[in-house]
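Enquirer: got a predicted structure plus its sequence, pasted below:
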Amino acid sequence: MKLKIAVLPGDGIGLEIVSQALEATKAVCAKFGHEVTYREALVGAAAIDAVGNPYPPETHALCMESSAVLFGAIGSPKYDNDPSAKVRPEQGLLAMRKQLGLYANIRPVTTFPSLIHKSPLRTDLVEGADFMCIRELTGGIYFGRPQGRSEDGETAYDTCVYTREEIERIIRLAYGYALKRRKKLTVVDKANVLATSRLWRQTAQRLEKEYPCVETEYMFVDNAAMQIIQWPKRFDVMVTENMFGDILTDEASVITGSLGMLPSASIGIHTSVFEPIHGSYPQAAGKDIANPLATILSAALMFEYTFGLQAEADAIREAVNASLAGKIVTEDIAGDGRAYKTSEVGKWITDYLYSRQISPHNA
Ligand code: IPM
Ligand code: MG
């Protein structure tokens, strides 16, 4: 197969982690006989600094003509501390999501046996937790207009907007995943307060009838936030609107032991984007200490979702598990053991992939 990948490192640790994911991708392609080509482009603060636009047209053009996007992270303290900045790096990410039509953000939450002791929750609560958060990504309060300030600057407003069509599209997608998994869907909203949430619930209640073999439940977002901590194993697929999903997935990510482990896929109308769920960790930029595993696991999602190459995805996951088992890990998860560099972990995984025997039935 021919894989044409757009590489968007972004800011902070982006370049360091994305280059490790790219090396792992190349190794898998070499082993399984795929041809891979890639090109890099600017996004985020790096793009503002270079060309004054956090998602330049050339970057969009590259994404459009590629078969998948490997994305690092976005964000820089230079802009965080300046609320009056006219352009912000995050606008690049939002523009990319909107222009590529990436309406679904899929964040699988799974645990790693060797990391369970790092979870802030008791082992018996998290062991075996395995659920999937599906976050709507191109609507809601992130994109609703009007947004801004009153003339005197004393009042600010954001608008949350959802159309029935947008809701139906994401709920159907979530049912698709529930059907392939344990057949349970949790629809998270705030229908006791918000009009948009009532439209969500009404739409889901109508669609529910079309999926009789999936058990559908409805949960208010505050309750969901609590239950993720109290009983994470009760969830299978969870679907929710943009901002609720943003908040719940950060919460869900730490119960597995490290924010540095969780990958994500953003899919929709045009090219899909694969990125770690963590941010740009500017304090670590250039130090070669950030955990590359979430980005490497995002490359596994890319093989699985975009290219339908399951054995290739499994090979990456196997290599990541082997590195964890061998304690070839970065400082965030090393504990008392030796902390390896980002590049050392990446190289170990790449070497593993190159030397791995491919068994005849999955080659
Ligand atoms: C995420 C991030 C982004 C978001 C920021 C960087 C705009 O937190 O991908 O979860 O809020 O969507
Ligand atoms: Mg977030």
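Expert: Perfect, I can see it now. Ligands and ions are numbered 1, 2, ... in the order given.
Enquirer: quick one: Asn291 and Ile328 touch, right?
Expert: No. Asn291 lies out of contact with Ile328 (Cβ atoms under 8 Å); the separation is 11.6 Å. Where you see a C-beta, it was placed from the backbone N, CA and C, and this is true even at glycine.
Enquirer: please say which of these two ends up with more neighbours.
Expert: Between Asn291 and Ile328, Asn291 has the larger neighbour count (other Cβ atoms under 10 Å), namely 27 against 18.
Enquirer: quick check, Glu168 in a helix?
Expert: Yes. Counting by DSSP: H, G, I helix; E, B strand; the rest coil, Glu168 is found in a helix.
Enquirer: circling back to that earlier point, so what sits against both of Asn291 and Ile328?
Expert: Residues touching both Asn291 and Ile328 by Cβ atoms under 8 Å, 6 or more residues apart in numbering: Val345.
Enquirer: ok, is stretch 284-303 in contact with ligand 1 or not?
Expert: No. Figure legend: stretch 284-303 not in contact with ligand 1 (Cβ under 6 Å from any ligand atom); closest approach 12.0 Å.
Enquirer: span of that stretch from start to end?
Expert: In stretch 284-303, first residue to last residue: 28 Å (Cα to Cα, to the nearest Å).
Enquirer: identify each buried residue in it, please.
Expert: Of all the residues in stretch 284-303, those buried under the rule 16 or more other Cβ atoms under 10 Å are 284-285, 288-303.
Enquirer: please apply the same query to stretch 50-57.
Expert: Neighbour-count burial for stretch 50-57 flags Asn53, Pro54, Tyr55, Pro56 (criterion: 16+ other Cβ under 10 Å).
Enquirer: farthest pair in those?
Expert: Of all pairs drawn from the buried residues of stretch 50-57, the widest gap by Cβ to Cβ lies between Pro54 and Pro56 and measures 8.0 Å.
Enquirer: overlap of the contact sets of these two?
Expert: Both Pro54 and Pro56 are in contact with Ala47, where contact means Cβ under 8 Å, 6+ apart.
Enquirer: which residues touch the residue of the stretch 51-200 of the chain found nearest ligand 1?
Expert: As assessed by Cβ to the nearest ligand atom, ligand 1 sits closest to Glu90 within the stretch 51-200 of the chain, at 3.9 Å. Contacts for Glu90 (Cβ under 8 Å, 6+ apart) come out as Gly44, Pro54, Ile74, Gly75.
Enquirer: C-alpha coordinates for the helix or strand it falls within, CSV please?
Expert: Taking DSSP states H and E as the definition, one finds Glu90 inside helix 89-99. Extracted in CSV, the C-alpha atoms of helix 89-99 (Å, rounded to 0.1, in the frame of the first residue of the first chain):
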residue,chain,number,x,y,z
PRO,A,89,-1.9,28.9,18.3
GLU,A,90,-5.1,27.0,19.3
GLN,A,91,-7.0,28.7,16.5
GLY,A,92,-4.8,26.7,14.1
LEU,A,93,-6.0,23.4,15.6
LEU,A,94,-9.6,24.6,15.5
ALA,A,95,-9.2,25.8,11.9
MET,A,96,-7.7,22.5,10.9
ARG,A,97,-10.6,20.5,12.5
LYS,A,98,-13.2,22.7,10.9
GLN,A,99,-11.6,22.8,7.4
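Enquirer: next up, the contacts around Arg356.
Expert: By Cβ under 8 Å, 6+ apart, Arg356 lies in contact with Lys31, Ala315, Glu318, Ala319.
Enquirer: and it, how far is that from ligand 1?
Expert: Between Arg356 and ligand 1 the distance is 32 Å, computed by Cβ to the nearest ligand atom, to the nearest Å.
Enquirer: now swap in Glu40 and tell me
Expert: Distance, Glu40 to ligand 1, by Cβ to the nearest ligand atom: 20 Å.
Enquirer: again, but for Ala300
Expert: Distance, Ala300 to ligand 1, by Cβ to the nearest ligand atom: 19 Å.
Enquirer: pretty sure that residue sits against Ala265.
Expert: No. Ala300 sits out of contact with Ala265 when judged by Cβ under 8 Å, with a separation of 10.0 Å.
Enquirer: next to ligand 1, which bits of the protein? Give me the list.
Expert: Contacts of the chain with ligand 1, taken as Cβ under 6 Å from any ligand atom, map to Ile74, Gly75, Glu90, Leu93, Asp246.
Enquirer: quick check: end-to-end length of stretch 95-110?
Expert: Stretch 95-110 end-to-end distance (Cα to Cα) = 29 Å.
Enquirer: and for stretch 82-98?
Expert: By Cα to Cα, the extent of stretch 82-98 from end to end equals 25 Å.
Enquirer: before we move on, what about stretch 212-228?
Expert: 25 Å.
Enquirer: give me the buried positions along it.
Expert: Val214, Thr216, Tyr218, Met219, Phe220, Val221, Ala224, Ala225, Gln227, Ile228.
Enquirer: which residues of this structure score low on pLDDT?
Expert: Scanning the chain for pLDDT under 70 picks out the ranges 358-363.
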